[in-house]
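Participant: Provide a 3D model corresponding to the input given below.
(2 chains)
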Amino acid sequence: MNRYIFESSTKKKILYAFLIGILLFAVGAAKKYFEDKSEFSGNEEAKTEMTKTSESGQEKFTAPATHRVEKKTATEEEYKEGSLGMTILANTYSIFYFGFYIALAAMFFLAATTVAWGGWQVQIQKIFLALAAPIVMFLGLLLVMFIFFRHDLFLWTHDELYKAGSETYDKVLVIKHDFLNMRVFWTFYVIIAGICVSLVGYWWKTLNAIDINPTRQLFSKTRVIGAITIVTTAFIINTFATWLWSMSIQPHWYSTMFTWNTMAGAVEAVLSIILLFIYFLKQKGYLPGVNENHEHDVAKLMFAISIFWTYTWFAQYMLIWYANLPEETEYFRLRRNMDNYGFLFHLAFICNFVLPFLILLTRGAKRTKWISLLSAWIIIFGQSAWFFLMNCPELLPKGGFGLISIGLLFIVGSIFIFVTLKLLEKVKDLASTTHPYVKESYQFKI
Amino acid sequence: MSDIKKYLVGMFDDDDVLLHAVSHIRGAGYEITDAFTPFPVHGLEHELGLQPTRLHTAGFFFGATGLTVALSMIFFINKFNYPTDVGGKPFFGLLAYVPICFEHTVLYSAIGMTVSFYYLCNLYPGKTPKIIDERTTDHLFSLTFDLENRDAAYISAVTELLKKEGAIEVYQKEI
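Facilitator: Okay, the predicted model is just below:
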């Protein structure tokens, strides 16, 4: 039983999840559509005002306006804040970005454990590999987003902002224009995509070659690739991906903790997903050598990284508070505002820190299946909500988390799981029984 | 003095031998009072069947005390006693006090747990510790058996077992 067989019953379950996602998405979209319609027909005055002189109308509409709202109305008049199209676009982008980060975090975790001479993870490292490989798919999806919707997503892509004397001239963005321009954007897209694809390819080839012919050279090669993965993730992929793809959605705001926070959240989420996969595969009878010690270790890392995530989350707030930077409080004003995102903001904090912390605190809880699975699901929901909160509130200042987001999470999640299981099926040796460190994994005890 | 007790002491010079001896002696049904080693031996507490420590429960209560003290003190000072306007920020911004509260929690629980640990190990001031054999602080390992209400047959049986399991020396000691 060392090759995973993708049963049709599993495929059916994934299809059901996909259909539930479509259903939720359709219901959410229909609800939003009728809400928008009734809002505009019920408020005829506002509607005519908005279509006639969109700038004054919009400003009246969103009184505590951000920089973005003001600019946006001028540059794109047909554009409606919080409309159905924008809600779908922002949610889709956020979920693709989340998927990209989960795959990246899986690759990073694979590299980190390999470089640290880890032995315990050898039996489950094929799960990391199969989770890392869909990064290619998400890079493609993000590319589509960037090609077709970059002007909707990123304010700084509009040329009018940089013309001196124009109505929308933006001093702050002119200073940042050396970095935030399309040339830098595409250059780093190509660099990031190239590195990610080639690294995933190398990992895939090397780890599968070890299954067939475990030699010393191949094992050393995994460590070299691991070291390269860590360094490039830290200095190129993670930093520039967060700066250009996520932080630049709100281009006037920046934070040095943002990159850390994103990666910590992604690692927290990917560990929860790995735990789900371990229990799923064990339930099907695979991975005979994996016992509660390995599960305990994954749950322990979930617990630890959840605390690290909170540290960066809090430090981001704290730096703005104590360094006395009122111009940076915009980020939290938009998100902690109880009218739109305040509830979700606090819910995400509770789901990502408070609940996992309290649930996973004791040793027994980390070794119990249902308790650790419960906290894994909580973390996955919490992190998807947090990724939404990092990307979307600037695009949807009036609120937009709802059935559409949950539906998209189901849709993209089921596709992600389908691809991952399809890749696991291709792996020749699911438990890596020929890896030089596999004995350490068998005897692992904590 | 009433707290003088009589012990049977078996000395070992190897931790692996000690570990096996402990499991065999406990398997044969004899109760080991305590083991003394010059360094922590992995798995020994498991073999001896010791109860898991309850020190962390005490740590939780010390930490909760520290958190309460920090929060109430900051609240009292910043809100009532000496409110200071710093750049227009609120007088009691709860999130801003997280680091101080966290550090107070850690400080109280660390000091409290250290003190309780020393107290539980009989290491408070004015206490003369009982050392069964001074060589256990340097290079030898010992197993002790409480000899209260034990007859000569028990002593000889345990002595024989200890010698069989590789003890280099077995003797009785009153302390």
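Participant: Show me which residues of chain B sit near chain A.
Facilitator: Within chain B, the positions adjacent to chain A are B:G87, B:K89, B:G93, B:L95, B:A96, B:V98, B:P99 by CB under 8 Å from any CB of the partner chain. C-betas here are computed from N, CA, C, even on glycine.
Participant: Go again with 7 Å.
Facilitator: Taking CB under 7 Å from any CB of the partner chain as the contact definition, chain B meets chain A at B:G87, B:L95, B:A96, B:V98.
Participant: Just the pLDDT at the first one, thanks.
Facilitator: On pLDDT, B:G87 comes in at 79.
Participant: What subset of the residues of chain B next to chain A is buried?
Facilitator: Buried members of those, scored by 16 or more other CB atoms under 10 Å in any protein chain shown, are B:A96.
Participant: Point me to the residue sitting farthest from the middle of chain B.
Facilitator: No residue in chain B sits farther from the centre than B:G88, which is 49.9 Å out by CA atoms, centre = their mean.
Participant: domain ranges for chain B?
Facilitator: Per automatic domain parsing, the structural domains of chain B span B:6-38+B:139-174, B:55-120.
Participant: Output the below-cut-off pLDDT ranges for the stretch 51-200 of chain A.
Facilitator: A:51-82 (pLDDT under 70).
Participant: and what of the stretch 301-446 of chain A?
Facilitator: For the stretch 301-446 of chain A, no stretch is flagged by pLDDT under 70.
Participant: go on, chain B?
Facilitator: For chain B (pLDDT under 70), the answer is B:1-2.
Participant: show me where it has strands.
Facilitator: B:6-12, B:34-36, B:141-146, B:169-174 (DSSP state E).
Participant: And the residue nearest the centre of chain A?
Facilitator: Residue closest to the average C-alpha location in chain A (CA atoms, centre = their mean): A:F98, at 1.9 Å.
Participant: element containing it, please.
Facilitator: Applying DSSP states H and E as the criterion places A:F98 in helix A:84-115.
Participant: Next secondary structure element downstream of that helix?
Facilitator: For helix A:84-115, the succeeding helix or strand toward the C-terminus, using DSSP H and E, is helix A:125-132.
Participant: just to revisit the earlier point, and the helix holding A:F98, how far from the chain's centre?
Facilitator: Relative to its chain's centre, helix A:84-115 lies at 3 Å (CA atoms, centre = their mean, to the nearest Å).
Participant: Now intersect the residues of chain B next to chain A with the helices, please.
Facilitator: Among those, the members falling in helices (DSSP state H) are B:V98.
Participant: Turn the residues of chain B next to chain A into CSV, columns for distance to A:Y16.
Facilitator: Converted to CSV, the residues of chain B next to chain A look like this (distance: CB to CB, whole Å):
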residue, distance to A:Y16
B:G87, 55
B:L95, 42
B:A96, 47
B:V98, 43
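Participant: With respect to A:S220, which of the residues of chain B next to chain A is nearest?
Facilitator: B:V98 (44.9 Å; CB to CB).
Participant: what about that closest one, distance to A:L396?
Facilitator: Distance of B:V98 to A:L396, given as CB to CB, to the nearest Å: 29 Å.
Participant: A:S375 now?
Facilitator: Distance of A:S375 to A:L396, given as CB to CB: 29 Å.
Participant: check contacts around the residue lying closest to A:P251 once chain neighbours are set aside.
Facilitator: In space, and not counting its chain neighbours, A:P251 is closest to A:W156: 4.6 Å by CB to CB, 6 or more residues apart in numbering or on different chains. When contacts are counted by CB atoms under 7 Å, 6 or more residues apart in numbering or on different chains, A:W156 touches A:L173, A:L180, A:S248, A:P251.
Participant: between those, which is closest to chain B?
Facilitator: Nearest to chain B among these is A:P251, at 25.3 Å by CB to the nearest CB.
Participant: now the lengthiest helix in chain A: mean pLDDT?
Facilitator: Identified as the longest helix of chain A according to DSSP H is helix A:8-42. Predicted confidence along helix A:8-42 averages 88 (mean pLDDT).
Participant: Can you list the buried residues in it?
Facilitator: A:I14, A:A17, A:F18, A:G21, A:L24, A:F25, A:G28, A:A29, A:K32, A:F40.
Participant: wait, B:A58 sits on B:V115?
Facilitator: No. Under the criterion of CB atoms under 7 Å, B:A58 is not in contact with B:V115, lying 9.7 Å apart.
Participant: Looking at those two now, which is surrounded by more residues?
Facilitator: Set B:A58 next to B:V115 and count neighbours by other CB atoms under 10 Å in any protein chain shown: B:A58 wins out with 17 against 13.
Participant: How about stretch A:318-332 and chain B, touching?
Facilitator: Yes. Stretch A:318-332 lies within reach of chain B by CB under 7 Å from any CB, at A:W321, A:N324.
Participant: Now the terminal residues of that stretch, how far apart.
Facilitator: 11 Å (CA to CA, to the nearest Å).
Participant: ok, so what distance separates B:Y7 from B:R150?
Facilitator: Distance from B:Y7 to B:R150, counting by CB to CB: 11 Å.
Participant: For the two, work out which one has more neighbours and name it.
Facilitator: Using other CB under 10 Å as the criterion, B:Y7 and B:R150 rank with B:Y7 on top: 21 against 13.
Participant: Give me the helices and strands touching whatever helix or strand A:T420 lives in, please.
Facilitator: Using DSSP H and E, A:T420 falls within helix A:403-426. Counting contacts by 3 or more CB pairs under 7 Å, 6 or more residues apart in numbering or on different chains; DSSP states H and E, helix A:403-426 packs against helix A:8-42, helix A:84-115, helix A:125-132.
Participant: Cheers, nothing more for now.
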